[in-house]
Every structure is written in structure tokens, then in C-alpha cells.
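S.K.: Fold the stuff below for me.
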Amino acid sequence: MAKSMDTNPVVIRRIMSGLRERGYVRSQKGHGGGWTLACDLSELTLRDVYTALGCPSLLAMGNRTESPGCIVEEAVNAALNKSFQDAEALLLARLGEVTLAMLNADVVDRLAARGLSRHPDKADA
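M.R.: Just a heads-up that it's a prediction; the model follows:
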């Protein structure tokens, strides 16, 4: 997974650990081991996953704090604060509406549209 996401395996292990702590996945050591889902996909939402991962920042853009005491920065932050809060609330609400079952169905449909009936091998991806 780390290779396909172009990240360090440690990052993936931390993510999976957070999901395991919430009971969403389980791991098994040894030959044939790995990670498996431990819950019903129709009951798990993207917001659940977001929360399990520690509620990382949702918006790349946000209030700035590079210049504490700067009056211009304070004015801009005050003007944009409500907009950022509204955008985050809307996104969190939408994440709560999307289940992993919905995502799975979409992936299956996309695979079928490409003439595939399974997840492509890494070499095909």
C-alpha cells in the first residue's frame, strides 16, 4: 500500500493502527497474514475513518499564524474564519454520508466499465 500511495510504510502502519484501535480492521501476523476489514462496510463512513485517523486538517488553506500580532493577519483571519468553519462542517457532514460500501460499489462499477471483474494487479494499475 505504501508503494502505491507513494509514502513511507511507517505512515501506512500508523494509519492501519488507528483503524485497528477503532475496530475497523484487524491484523494477522505470519504467512498469509495482513490486514482485513473487521466491520460492515455499510456501517463505516468516511467520517468514521477520518475520526479514527485523529481528525487531521481537512483544508489545506486556513487561517494564518505566521505573524502573531499582525493586525492585517488578524483582520484577514477574522474575515475568513466563519467561511472556513462552514466549509469544514459541510465537508464533515458529507464524509458522514459516504459509506465504504458506497465506495466499494463505485469501484466495482468502474472496474466493470473497464472490462475488469477484480482489482487490477499492481502491474496493471
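S.K.: Looks like Ala87 contacts Gly62 (just checking).
M.R.: No: with contact defined as Cβ atoms under 8 Å, Ala87 does not count as touching Gly62 (9.7 Å). Every residue, glycine included, has its C-beta placed from N, CA and C.
S.K.: how far away is the closest residue to Thr65 other than its chain neighbours from Asn63?
M.R.: Spatial nearest neighbour of Thr65, excluding adjacent residues (Cβ to Cβ, 6 or more residues apart in numbering): Glu73 at 7.7 Å. Distance from Glu73 to Asn63, counting by Cβ to Cβ, to the nearest Å: 9 Å.
S.K.: Output stretch 11-22 as PDB, restricted to C-alpha atoms.
M.R.: Extracted C-alpha coordinates of stretch 11-22, given in PDB (Å, rounded to 0.1, in the frame of the first residue of the first chain):
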ATOM      1  CA  VAL A  11       2.800   6.100   7.600                       C
ATOM      2  CA  ILE A  12       0.600   3.200   6.500                       C
ATOM      3  CA  ARG A  13       1.300   1.200   9.700                       C
ATOM      4  CA  ARG A  14       0.200   4.300  11.800                       C
ATOM      5  CA  ILE A  15      -3.000   4.700   9.700                       C
ATOM      6  CA  MET A  16      -3.800   1.000  10.000                       C
ATOM      7  CA  SER A  17      -3.100   1.000  13.700                       C
ATOM      8  CA  GLY A  18      -5.600   3.900  14.200                       C
ATOM      9  CA  LEU A  19      -8.200   1.900  12.300                       C
ATOM     10  CA  ARG A  20      -7.500  -1.200  14.300                       C
ATOM     11  CA  GLU A  21      -7.900   0.700  17.600                       C
ATOM     12  CA  ARG A  22     -11.500   1.600  16.500                       C
END
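S.K.: Can you tell me which residue sits nearest the middle of this structure?
M.R.: Tyr50 (5.4 Å; Cα atoms, centre = their mean).
S.K.: tell me the secondary structure for that residue?
M.R.: helix (DSSP: H, G, I helix; E, B strand; the rest coil).
S.K.: show me the contacts for the closest residue to it other than its chain neighbours.
M.R.: Leaving aside its sequence neighbours, Tyr50 sits nearest to Leu95 (Cβ to Cβ, 6+ apart; 5.7 Å). Residues near Leu95 by Cβ atoms under 8 Å, 6 or more residues apart in numbering: 45-47, 50.
S.K.: Right, I'll leave it there.
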